[in-house]
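S.K.: Could you look at this predicted model? Sequence included:
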Amino acid sequence: MKLPEPPSSSDPSPSGPAGTASGDTGAAAEPALMRASDADRDRIADLLREALAEGRITPEEHAERIDAAYRAKTYAELTPLVSDIPGAAGKAPAPPDAAQPRVNLRKQTAAHAAPDLPPPERLASAIVAVFAGAERRGRWLVEPATHVHCVFGGAQLDFRQAVLAQPEVTVNVSCIFGGVEITVPPGVRVVNSTAAIFGGVELPDDGPLEPDAPVIRLTGFALFGGVSVKRRELREQRRRIGGGRRAADPDEPRRLEH
């Protein structure tokens with residue numbers, strides 16, 4: 001997908017180097033060339049998921065644009081990704097008002113700026129653990145359907161840094177004499193549709209969730225096995241919220257009644 005070239009920032013100016021007024025070292029760049037944040041990239045990814053769910057873009061286009069979104073550094077690179085999607089352009093993140101005062105970033109970049117997040121890793125949609133273990137963690141792209149097969153083995157799926165391909169994804173479990181452990185972040189709705197035969201399924205309490213919260217739907221079966229879902233924040237987030245103190249995990253799972 002060829003995107004419009006970002007605006008050029010090399011327009012000549014008579015007022016000193018780099019187009020800044022003489023003596024003004026904190027002048028801002030053109031708004032479209034301002035650096036986008038992680039939240040801006042995530043917002044574009046949400047709009048692309050909605051477009052995929054509505055059939056406006058193909059899965060191939062979605063994958064290409066998601067990759068471009070998480071590689072984008074400026075608004076000029078980010079906003080064209082949804083410019084051809086009806087209604088999405090008005091919801092896309094916009095650069096701050098050029099008239100607002102800005103902070104000189106030269107002192108902030110090294111100490112405060114977070115590194116750009118890499119695009120999510122695209123992995124196989126099937127996870128197999130036979131007399132062994134398997135895990136999926138880190139920043140990975142969750143396809144609309146993920147299949148987990150465990151036979152005398154176990155699998156661990158960590159969704160806390162994952163990127164969902166659409167607002168609702170399905171994890172289909174086939175577990176025989178094994179176990180599947182799933183970790184989700186706060187704010188994600190987990191819907192259980194699995195069948196447990198001489199086994200069990202454990203889910204955390206949902207608590208308050210947004211109406212449009214992303215959904216992970218569990219399907220399949222557990223025969224002489226189990227599926228356990230826990231809701232936890234990343235360790236860095238938990239430490240930041242708790243002021244560095246280690247607290248007891250309030251998200252103990254509860255067993256579903258059948």
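M.R.: The structure has been received and is ready for your questions.
S.K.: quick one: the strands in the stretch 51-200 of the chain?
M.R.: 121-122, 126-130, 133-136, 140-142, 145-151, 154-158, 163-164, 168-176, 179-184, 189-192, 195-197, 200-203 (DSSP state E, counting those that start in this stretch).
S.K.: These: which one's closest to Ala213?
M.R.: Distance to Ala213, taken as CB to CB, is lowest for strand 189-192 among these, at 4.8 Å. Placement of C-beta: from N, CA and C, glycine included.
S.K.: just checking, what packs against that closest one?
M.R.: strand 200-203, strand 215-223 (3 or more CB pairs under 8 Å, 6 or more residues apart in numbering; DSSP states H and E).
S.K.: chain center to it, what's the gap?
M.R.: Computed by CA atoms, centre = their mean, to the nearest Å, the chain-centroid distance of strand 189-192 equals 18 Å.
S.K.: What are the buried residues along it?
M.R.: Of all the residues in strand 189-192, those buried under the rule 16 or more other CB atoms under 10 Å are 189-190, 192.
S.K.: Just give the number of residues close to Glu77.
M.R.: Per other CB atoms under 10 Å, the neighbour tally for Glu77 reads 19.
S.K.: Same check on Glu135?
M.R.: 13.
S.K.: List the contacts of the residue nearest to it when sequence neighbours are not counted.
M.R.: Spatially, and ignoring its direct neighbours in sequence, Glu135 is nearest to Gln156 (4.2 Å; CB to CB, 6 or more residues apart in numbering). With contact set as CB atoms under 8 Å, 6 or more residues apart in numbering, Gln156 has these partners: 133-137, 180-183.
S.K.: ranges for the helices of the protein?
M.R.: Under the criterion DSSP state H, helices of the chain are mapped to 38-53, 59-71, 75-78, 108-111, 235-241.
S.K.: can you tell me which residues contact the residue nearest the centre of the chain?
M.R.: Centroid-nearest residue in the chain: Val163, 3.4 Å away (criterion: CA atoms, centre = their mean). Val163 makes contact with 45, 66, 70, 120, 139-142, according to CB under 8 Å, 6+ apart.
S.K.: Also Asp206?
M.R.: 189-190 are the contacts of Asp206 under CB under 8 Å, 6+ apart.
S.K.: Next one: it relative to Arg231, how far apart?
M.R.: 9 Å (CB to CB, to the nearest Å).
S.K.: do Gly55 as well
M.R.: Using CB to CB, Gly55 is found at 32 Å from Arg231.
S.K.: which one of the two has more residues nearby?
M.R.: Ranked by neighbour count (other CB under 10 Å), Gly55 and Arg231 place Arg231 first, with 24 against 7.
S.K.: what bridges to that one?
M.R.: Val184 (DSSP bridges).
S.K.: close enough to count as contact, it and Arg189?
M.R.: No: counting by CB atoms under 8 Å, Arg231 stays clear of Arg189, with 10.5 Å between them.
S.K.: related to what we said a few turns ago, need the contacts of Gln156 in a markdown table (columns: pLDDT and distance to Ala88).
M.R.: What follows is the contacts of Gln156, written out as a markdown table (pLDDT from 0 to 100; distance: CB to CB, whole Å):
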| residue | pLDDT | distance to Ala88 |
| --- | --- | --- |
| Gly133 | 93 | 41 |
| Ala134 | 95 | 36 |
| Glu135 | 95 | 35 |
| Arg136 | 95 | 30 |
| Arg137 | 93 | 31 |
| Val180 | 96 | 35 |
| Glu181 | 96 | 36 |
| Ile182 | 96 | 31 |
| Thr183 | 95 | 31 |
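S.K.: how about these in CSV, adding distance to Val148?
M.R.: Formatted as CSV, those follow (distance: CB to CB, whole Å):
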residue, distance to Val148
Gly133, 12
Ala134, 8
Glu135, 11
Arg136, 9
Arg137, 14
Val180, 6
Glu181, 11
Ile182, 9
Thr183, 14
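S.K.: Understood, closing this out.
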